[in-house]
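Participant: missing the sequence, but the structure's below:
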């Protein structure tokens with residue numbers, strides 16, 4: 001009876017983790033000429049966007065964006081120095097070095113239907129590429145802000161398969 005209970009709990013936990021990951025999948029993915037990928041996901045009154053562009057070798061440009069799509073003409077969000085954090089994970093663990101940001105109480109006014117963007121350049125090392133090879137690798141876009149009906153603690157993220165965005169040129 002005890003082993004049956006443990007087995008059932010494992011099935012429930014694995015099922016929930018897959019659902020949580022599925023909830024963070026993009027609503028729309030568009031492949032562009034030149035190998036760039038654009039992924040978008042609506043989260044309440046906001047749309048997250050991530051554009052990944054190859055910049056040569058194993059260097060990639062990440063353009064993270066947020067757009068307010070609510071009923072007001074504009075909306076102010078509170079955030080630290082950066083609204084976004086782009087992470088690359090292999091088997092659920094980050095392959096990038098730890099990064100920090102300051103907790104400055106900045107505000108940004110989002111005008112309805114206009115994008116607020118931040119740019120990142122990431123060059124992957126051979127060791128990072130090896131960690132990704134043969135694993136379940138993902139690009140995770142986290143948005144950290146507070147505004148309207150959304151607080152800092154609310155999880156705002158989008159998960160994109162790294163094979164869709166980073167491995168294009170190898171196919």
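Facilitator: Yep, that arrived. Just so it is clear, the model here is predicted, and its values are computed rather than measured. Numbering: from 1, shown residues only.
Participant: how about residue 156: what's its closest non-neighbour residue?
Facilitator: Nearest non-adjacent residue to residue 156, counting by CB to CB, 6 or more residues apart in numbering: residue 143, 4.1 Å away. Any C-beta I mention is one placed from the backbone N, CA and C, and that applies to glycine too.
Participant: show me what contacts the one you found?
Facilitator: Applying CB atoms under 8 Å, 6 or more residues apart in numbering to residue 143 gives the contacts 46, 48, 64, 66, 83-84, 156-157.
Participant: turn the residues you listed into TSV, including distance to residue 163.
Facilitator: Shown next, in TSV, are the contacts of residue 143 (distance: CB to CB, whole Å):
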residue	distance to residue 163
46	27
48	20
64	20
66	25
83	26
84	22
156	24
157	19
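Participant: picking up where we left off before, who does the residue nearest to residue 156 form a beta bridge with?
Facilitator: residue 84 (DSSP bridges).
Participant: go on, residue 68?
Facilitator: residue 46.
Participant: ok, now residue 122?
Facilitator: residue 60.
Participant: what number of residues are in the vicinity of it?
Facilitator: As a burial measure, residue 122 scores 18 neighbours (other CB atoms under 10 Å).
Participant: these two touch, right, it and residue 62?
Facilitator: Yes: using CB atoms under 8 Å, residue 122 is in contact with residue 62, at 6.5 Å.
Participant: what sits in contact with each of those two?
Facilitator: residue 86.
Participant: how much space between the residue nearest to residue 156 and residue 85?
Facilitator: 8 Å (CB to CB, to the nearest Å).
Participant: just the strands in this structure please.
Facilitator: All strands of the chain, identified by DSSP state E, fall at 28-31, 37-43, 46-54, 59-68, 74-79, 84-90, 93-94, 106-111, 115-123, 137-143, 157-161.
Participant: can I get those strands in CSV with mean pLDDT and distance to residue 150?
Facilitator: Below are these laid out as CSV (pLDDT from 0 to 100; distance: least, CB to CB, whole Å):
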stretch, mean pLDDT, distance to residue 150
strand 28-31, 93, 21
strand 37-43, 95, 8
strand 46-54, 95, 7
strand 59-68, 95, 11
strand 74-79, 90, 8
strand 84-90, 93, 14
strand 93-94, 92, 24
strand 106-111, 91, 12
strand 115-123, 95, 14
strand 137-143, 93, 9
strand 157-161, 92, 12
